[in-house]
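J.: Coordinates for the following, if possible.
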Amino acid sequence: GALAFTTPPPSQMFMGATFCTAVQVHDDWGRRFAGGATAITLQLDEASPHGRLEGNNSIRLERSEALFGSLMVPHAGRQFRLKATTDNEAIAPAVSPPFDVTAKMYFEQSPTKVNVSESFAVRLCTKYPDGTRYKDQYDVTLRLAKECRGALLGDLTQMVDADGWVMFPAVCVDTPGSGFTLEAISSNTGMLPATSHKFDAIANFVFLQNPQTHVAGAPTGATVAVHDVHGKVVPVNAEVSLSLPAAASPSSEDSGLVWPGLFAAQVVNGIAECPDIPLSGPALGLTLQATCPANAAIQPATSSPFDRTARLAFRELPAVVEAQSELTVEVVVRDCNDEIMVLATPQVHLQIRDDPDAAFTGVQLCGQVTVQAVRGRALFSGVYFNTAVHKGLLTARCVDNAAISPVTQGIDARAYLRFATQPQGPVDVNSPF
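T.: Residues are numbered from 1 along each chain as shown. Next comes the predicted model:
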């Protein structure tokens, strides 16, 4: 005769769960055979993974059948088999169909936010249904989920310790990004993979070269890099957007400051060279902000303040004019190339003062002496000097933009003495006339 599993174990169960099975004694024609044995014993087959069978594994036969209840395999693994034997060597043993015992690993400690290249700790364990930790030997390997960019660095394979913990004391991520997840796998395929909560890996933009103060018309350059927490360049490829915060130049609209909104440059191996940022117009205290729209894990950076200046200049101002005679004065805004800045629209004010060495004071410039520049030109029509002045200094200055430097030029306003009355003929010596 031979033994046969009439109720085999479930094909899959969780570690620590109990199960039932039934074994009968059959004759050579597969029929239940009532004699020849008194008890049946179950154990794990030699080909099964390492482990043991717990529960009442030896049952007396009743009507040629043994019913086993509340059996348990307290180990994770695949392709376990039960072997049934009797106290009668003439009855052939039976081997059950294979079954898997699976266990779930849990992340007990995982990051929520980390810095690129900065070490962090991870801790896992496997638990029985009653919450106690599984302490048999198994290994765990950490890796980033397939959809995550970059790599996980460190000692990424660890064994469970005597208390049932799997510890990774120092691992790190080499690439900035959002929504990273860790995966834990084991060479014991009965240990189901575990996935951590999502976390972000943070890097920072820094300005390796800040924009320098310069005259409008000259190139505005900067160099931006992606740094890790140790100040080293992170060799990523991305796109950096440079923007001009509105607070950097409150009068930018009035001063003719032109900015395209966002200037994009490519970050190659962690560095973006921006030699010619399209910024025009004079302003003081400007700053640039570097952001990465496609990767919020790269933190923004703000450059050091810088100035972009221009200057006023007179166009064809005569050196000598007639006092109290109306004249036209044209003032223009010029850049570093001596070109007129057609986009500049500041308010320009004219004033006259005497040379400090001059004896006469009190000269005034009359008429409309403050006008709005249009396309870089301020035209003063119908202004005049109230009196004659020698070595006068005519100054044009910008009222609303200190980044535009004033201009001063010497000018004379002449008047002439004329005889209102004069003798009509010969006069006598010593006689009044």
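
J.: what's the helix or strand for residue 343?
T.: Following DSSP states H and E, there is no helix or strand that holds residue 343.

J.: Now stretch 95-115: buried residues?
T.: Using 16 or more other Cβ atoms under 10 Å as the test for burial, stretch 95-115 gives 96, 98-103, 105, 107, 110-111, 114-115. Bear in mind the C-beta positions are built from the backbone N, C-alpha and C, glycine included.

J.: And the residue lying closest to residue 63 once chain neighbours are set aside, how far from residue 68?
T.: Of all residues not flanking residue 63 in the chain, residue 34 sits nearest, at 6.9 Å (Cβ to Cβ, 6 or more residues apart in numbering). Using Cβ to Cβ, to the nearest Å, residue 34 is found at 19 Å from residue 68.

J.: First-to-last residue distance for stretch 179-196?
T.: 11 Å (Cα to Cα, to the nearest Å).

J.: who's more crowded, residue 34 and residue 68?
T.: Taking neighbours as other Cβ atoms under 10 Å, residue 34 and residue 68 compare with residue 68 leading, 22 against 12.

J.: Tell me the pLDDT of the more buried one.
T.: For residue 68, the model assigns a pLDDT of 96.

J.: Check residue 400 too.
T.: 87.

J.: Same question for residue 316.
T.: Per-residue pLDDT puts residue 316 at 88.

J.: need the contact list for it.
T.: By Cβ atoms under 8 Å, 6 or more residues apart in numbering, the contact set of residue 316 is residue 330.

J.: gap between it and residue 378?
T.: Distance of residue 316 to residue 378, given as Cβ to Cβ: 14 Å.

J.: which residues are common contacts for these two?
T.: Common contact partners of residue 316 and residue 378 (Cβ under 8 Å, 6+ apart): residue 330.

J.: isn't residue 286 right next to residue 302, touching?
T.: No. At 10.9 Å, residue 286 and residue 302 do not qualify as touching, with contact defined as Cβ atoms under 8 Å.

J.: between those two, who's got more neighbours?
T.: Legend: neighbour count by other Cβ under 10 Å for residue 286 and residue 302, higher for residue 286 (25 against 14).

J.: what's the spacing between that one and residue 231?
T.: Look at residue 286 and residue 231: by Cβ to Cβ, they are 26 Å apart.

J.: Next: residue 43.
T.: Residue 43 sits 62 Å away from residue 231, going by Cβ to Cβ.

J.: for residue 176, same thing?
T.: On the measure of Cβ to Cβ, residue 176 and residue 231 end up 15 Å apart.

J.: Could you check which of these two has the larger neighbour count?
T.: Between residue 176 and residue 231, counting by other Cβ under 10 Å, residue 176 is the more crowded of the two (27 against 10).

J.: Leaving out the residues flanking it, which one is nearest to the more buried one?
T.: residue 203 (3.7 Å).

J.: ok, the one you found - contacts?
T.: 115-116, 176, 226-228, 234, 236, 297-299 are the contacts of residue 203 under Cβ under 8 Å, 6+ apart.

J.: now, which of these lie within strands?
T.: Among the contacts of residue 203, the ones falling in strands (DSSP state E) are 115, 226-227, 298-299.

J.: Let me see the contact set for the residue nearest the centre of the chain.
T.: Nearest residue to the geometric centre of the chain (Cα atoms, centre = their mean): residue 298, 1.9 Å. Each residue near residue 298 by Cβ under 8 Å, 6+ apart is listed here: 176, 202-205, 226, 236, 238, 291-292.
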